[in-house]
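Enquirer: Got a sequence here, can you model it:
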Amino acid sequence: MLARLLIFAVGFVFLTTAWKMIPAYLEYQNVKELVASLPHKPGITAMTSRDLRRLVLDELKYRSIEGLDKSHVKVERLSPREKVVSINYERWVVLFGNLTAAMTFGDQVTLGQPRDQRI
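Expert: Next up, the predicted model:
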């Protein structure tokens, strides 16, 4: 009887933890799909860093990803034709009482091609 109660308690804790953490991972999957789709957008390499950041923020809003703002989206210019877009953020989920899970997510993509280095 005590063993069944212990198994039930452990199972309850596991399922409750999964139930609270899975939405953050589903959101991250959405962010990964967004980042992976960027190189396929027409005219993306000709965009300025500001336009690129605005496009990413609009896509985040369109995909209903809450809590990400411009501080989480970085656009770094490597060369006139090459940019790196990265999205890095954290999610904190309260599991039970004062027990909290911290999850860190991030993804990046390089847009454009560097010029040929000819000698």
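
Enquirer: use CA for all of it now, contacts and neighbours both
Expert: Will do.

Enquirer: what mean pLDDT does the lengthiest strand in the chain have?
Expert: Under DSSP state E, the strand in the chain containing the largest number of residues is strand 82-96. Here strand 82-96 scores 92 as its mean pLDDT.

Enquirer: again with stretch 58-73
Expert: pLDDT averaged over stretch 58-73 gives 88.

Enquirer: which element follows the longest strand of the chain toward the C-terminus?
Expert: strand 99-111 (DSSP states H and E).

Enquirer: for that following strand, packing partners?
Expert: helix 2-37, strand 82-96 (3 or more Cα pairs under 8 Å, 6 or more residues apart in numbering; DSSP states H and E).

Enquirer: Show me how far the helix or strand containing Val56 is from its chain's centre.
Expert: Per DSSP H and E, Val56 falls inside helix 49-62. Taking Cα atoms, centre = their mean, to the nearest Å, one finds helix 49-62 lying 14 Å from the centre of the chain it belongs to.

Enquirer: can you tell me the helix or strand for Ser64?
Expert: Going by DSSP H and E, Ser64 is not in any helix or strand.

Enquirer: Distance-wise, check it relative to Val73.
Expert: 16 Å (Cα to Cα, to the nearest Å).

Enquirer: circling back to that earlier point, for the helix holding Val56, give me every contacting residue.
Expert: 31, 34, 44, 66, 68-70, 73-77, 83 (Cα atoms under 8 Å, 6 or more residues apart in numbering).

Enquirer: in the helix or strand following it, what's buried?
Expert: Sequence-wise, the next helix or strand downstream of helix 49-62 (DSSP H and E) is strand 73-79. Residues of strand 73-79 classed as buried: 73-75 (neighbour count, 16 or more other Cα atoms under 10 Å).

Enquirer: So which of those is the closest to Tyr89?
Expert: Checking these against Tyr89 by Cα to Cα gives Val73 as the nearest, at 8.8 Å.

Enquirer: isn't that closest one right up against Val85?
Expert: Yes. Counting by Cα atoms under 8 Å, Val73 does reach Val85; the two are 7.2 Å apart.

Enquirer: I'd like to know how far the nearest residue to Val75 once chain neighbours are set aside sits from Gln29.
Expert: What sits nearest to Val75 in space, not counting adjacent residues and going by Cα to Cα, 6 or more residues apart in numbering, is Val85, at 4.6 Å. Val85 is 16 Å from Gln29, where distance means Cα to Cα.
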